[in-house]
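Enquirer: return a 3D structure for these sequence lines:
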Amino acid sequence: MKTSLFIVDDHYIVIEGIRALLLNEESIEWMGHATNAESCLSFLKLQQPEIILMDINLPDKSGIDLCKEVTSLYPSVQVIGLSTFNQQTVVHDMVENGASGYLLKNATKEEIMLALRTVQRAEIYLSEEVAAALRVPVEKKPPITRREKEVLQLIAQGYTNIEIAEQLFISTATVNTHRKSLLEKFEAKNTAILIGRANKLGIV
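Expert: Below is the predicted model:
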């Protein structure tokens, strides 16, 4: 029985490289490729592959967001994240948003085939390098509200409490309350530490 495979990546060299690796595999049915999220979603309206190899960096949408959308709309489709980097937070976000696996772009043919067989069994596949990276504790993002995030982003841009209040149409007292709350949630003694930690976590 063949496994239908589709690739989403904005680099043709990656698409053609993987296609060339799997070309003679009788168990693989090549269903094509998309170079952005929009064309991927258009394709899926017509037919759905069993597995999608999905780049995490696409020109029109994050692969993480696309993964969430695809797995929500088409629960039978399995997604394997594809990246050059094994960033812990990205791997976590991909899996949390529905990915069944994560491969690095330097993967061998054998590893790609192993990944495909693993997710077919409804198991999660992570390449050895990715699994090793995940064993290092990941700093979690503190839960913040939408308004706190808006205030945080303006703080990072160097705005004062008065300027933030004007931008968001709230009182300076409210801005100060949000600022204090952010300092507590990020366990930061001052604004510089707050922005540094928020930046490290990819929030600003």
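
Enquirer: what about stretch 162-169, distance to the chain center?
Expert: In this view, stretch 162-169 has its centroid 32 Å away from the chain centroid, taken as C-alpha atoms, centre = their mean, to the nearest Å.

Enquirer: check which helix or strand covers the residue nearest to the spatial centre of the chain.
Expert: Nearest to the geometric centre of the chain sits residue 64, at 3.0 Å (C-alpha atoms, centre = their mean). Using DSSP states H and E, residue 64 falls within helix 63-73.

Enquirer: could you point out which element follows that helix?
Expert: Criterion used, DSSP H and E; the element after helix 63-73 is strand 78-83.

Enquirer: C-alpha coordinates for that next one, CSV please?
Expert: Extracted in CSV, the C-alpha atoms of strand 78-83 (Å, rounded to 0.1, in the frame of the first residue of the first chain):
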residue,chain,number,x,y,z
GLN,A,78,-0.4,14.0,9.1
VAL,A,79,2.1,16.8,9.1
ILE,A,80,5.9,16.5,9.6
GLY,A,81,7.7,19.8,10.2
LEU,A,82,10.7,20.4,8.0
SER,A,83,13.4,22.9,9.0
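
Enquirer: what angle separates it from helix 63-73?
Expert: On the basis of axes from the mean of the first three to the mean of the last three C-alpha atoms, to 10 degrees, strand 78-83 is oriented at 180 degrees to helix 63-73.

Enquirer: note down every partner strand of strand 78-83 and its orientation.
Expert: Using DSSP bridges, the strands paired with strand 78-83 are strand 51-55 (parallel), strand 101-104 (parallel).

Enquirer: ok, and what's touching the first one?
Expert: Strand 51-55 has contacts (C-beta atoms under 8 Å, 6 or more residues apart in numbering) with 3-11, 14, 18, 40, 63, 66-67, 70, 77-83, 99-100, 103, 116, 119-120. (C-beta placed from N, C-alpha, C; glycine too.)

Enquirer: in the protein, which spans are strands?
Expert: 3-8, 28-34, 51-55, 78-83, 101-104, 125-126 (DSSP state E).

Enquirer: turn those strands into a markdown table, including mean neighbour count.
Expert: Shown next, in a markdown table, are the strands of the chain (neighbours: other C-beta atoms under 10 Å):
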| stretch | mean neighbour count |
| --- | --- |
| strand 3-8 | 22 |
| strand 28-34 | 18 |
| strand 51-55 | 26 |
| strand 78-83 | 25 |
| strand 101-104 | 24 |
| strand 125-126 | 22 |
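
Enquirer: right, I'll call it a day here.
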